[in-house]
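Enquirer: what follows is a protein structure lacking sequence information:
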């Protein structure tokens, strides 16, 4: 149940904000990006991530039993968080959790792939199958 709560929390609070930033920065030309919306979404995401930060302070994964399905959606979207061009506050528990995820071969294979920083880069990576 705890894993399910975190998956729903991610879908409702983190994913919409980070995907808005992603589509603005990666899928739109620089001149078409909504910098105000990017800042608003980054601020909103960070506000919510402080909840996760507090939760992870004494845990290695989102559920005390260890890596679970609860880590998968959060971990997937956090790759974007750590690779988008936004200011990020120091969130050491999240950074440590992300580092643990980044060591996992399945995470490396299925999540950690380049997505570029412009529509041209994104398209080139998509065509190359990256």
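Expert: Sure, I can see it. Predicted, not measured: the structure shown is a model, and the values here were computed from it.

Enquirer: drop to CA atoms for contacts and neighbour counts, all remaining ones
Expert: Noted.

Enquirer: need the longest helix for the chain.
Expert: helix 35-56 (DSSP state H).

Enquirer: excluding its own residues, what touches that one? List them.
Expert: Residues outside helix 35-56 that contact it (CA atoms under 8 Å, 6 or more residues apart in numbering) are 13-14, 17-18, 20-21, 24, 62, 86-89, 91-94, 97.

Enquirer: quick check: end-to-end length of stretch 103-115?
Expert: 20 Å (CA to CA, to the nearest Å).

Enquirer: just the ones of the contacts of helix 35-56 in helices?
Expert: 17-18, 20-21, 24, 92-94, 97.

Enquirer: filter those residues to the buried ones?
Expert: Those of these that meet the buried threshold are 17-18, 20-21, 24, 93-94, 97, by 16 or more other CA atoms under 10 Å.

Enquirer: from residue 22, how far out is the residue sitting furthest away from the middle of the chain?
Expert: Taking CA atoms, centre = their mean, the residue of the chain most remote from its mean C-alpha position is residue 31, at 24.2 Å. In this view, residue 31 and residue 22 are 15 Å apart by CA to CA.

Enquirer: ok, now residue 83?
Expert: 10 Å.

Enquirer: likewise for residue 13?
Expert: 15 Å.

Enquirer: kindly report the same for residue 128.
Expert: For residue 128, the distance to residue 22 - CA to CA - is 20 Å.

Enquirer: which of these two has more neighbours?
Expert: residue 22 (21 against 8; other CA atoms under 10 Å).

Enquirer: could you find the closest non-adjacent residue to the more buried one?
Expert: residue 84 (7.0 Å; CA to CA, 6 or more residues apart in numbering).
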